[in-house]
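>>> sequence plus predicted model, see below.
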Amino acid sequence: MMTMISPTVLLVLLGLASSVYGATTSDSTPTAAPESPMCSCSPTKFTFVLSLDQTCDNNDIEENTVLIIFSEPHAYISPKHYEKELNVPTWNYISVHAYGKGKLLTGKDETFAVLEATIDNYEKAYRKQWDGLPEDYKLKMANGIVAFEITVTDLQAKKKLSQNRTETERKNIIDSLSGSDDTNEQRIAEFMRKDGIRP
C-alpha cells in the first residue's frame, strides 16, 4: 500500500533517495534535474519541467494524468542475512510516485529555458559554448524535443526496508550493504539506519 506524503517529504526523499534524478529546489525557484526534470516547490504547488525526444508520442501529456516514478535506491537482499534457512531472496527499495497534470511548453523561450537549465545542471562549463552557437542552429536542436511541465496533484511513496525482520537480521543486512561498492546498496543501508533500524 502506498503512503501519502507531503511535497516537503518528497523533496527529502528525492534529495536522499534519487540523485539519479538530481531534483533540487529552492523556494519557488526552478532548478535543473535530469533528462530532465526541473523542479519547483511552494507550500501549495509542486511542479516538474521536463523534455522528451520529439520522436516520443506526446499527445497524451495534456489529456491524461501523468506519472513520474522515482525508483531508487534499491538493493537485492540475500537470505544469507537471515537467522533461519527457510527463506528466499527479496528486494529493499524506496519508490516515490508523483501524479499530476501535464502541460506542453510550446514557446521557444520556454523550450530554451528547459534546455539551458539542463545544461546548467549537468555541464555548466558548456553554457558559454551554447550561448555562442548560431541562433538558427540552437532553434533546430530545440525543435527536436518536446518541453512540458507537470503540476503534481498527488504524491505517494513506499519503502521496503526489511521492517519485518529481527534486529539481528537487520543488522546483518545493514553491515553487508554498508560495505558494498554499490551506491544503491550503501544508500539502502543508510535509509535503514535513518528509519530507526540500528545495528
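On my side now, so go ahead. Just so it is clear, the model here is predicted, and its values are computed rather than measured.

>>> quick check: mean pLDDT of the longest helix that the chain contains?
Longest helix in the chain by number of residues, with DSSP state H as the criterion: helix 108-122. For helix 108-122, mean pLDDT rounds to 87.

>>> buried sites along it?
Glu110, Thr111, Phe112, Ala113, Val114, Leu115, Ala117, Thr118, Ile119, Asn121 (16 or more other Cβ atoms under 10 Å). Heads up, the C-betas are built off the backbone N, CA and C, glycines and all.

>>> just list what it packs against, helices and strands only.
Under the contact criterion of 3 or more Cβ pairs under 8 Å, 6 or more residues apart in numbering; DSSP states H and E, helix 108-122 touches strand 31-32, strand 38-41, strand 46-53, helix 127-132, helix 135-142, strand 145-160.

>>> surely Met192 and Ile174 touch.
Yes. Met192 lies in contact with Ile174 (Cβ atoms under 8 Å); the separation is 5.3 Å.

>>> what number of residues lie near Leu155?
Per other Cβ atoms under 10 Å, the neighbour tally for Leu155 reads 20.

>>> for it, give the beta-bridge partners.
Counting by DSSP bridges, Leu155 forms beta bridges with Ala98.

>>> how about low-confidence regions in the protein?
Low-confidence segments of the chain (pLDDT under 70): 1-59, 196-199.

>>> okay then, goodbye and thanks.
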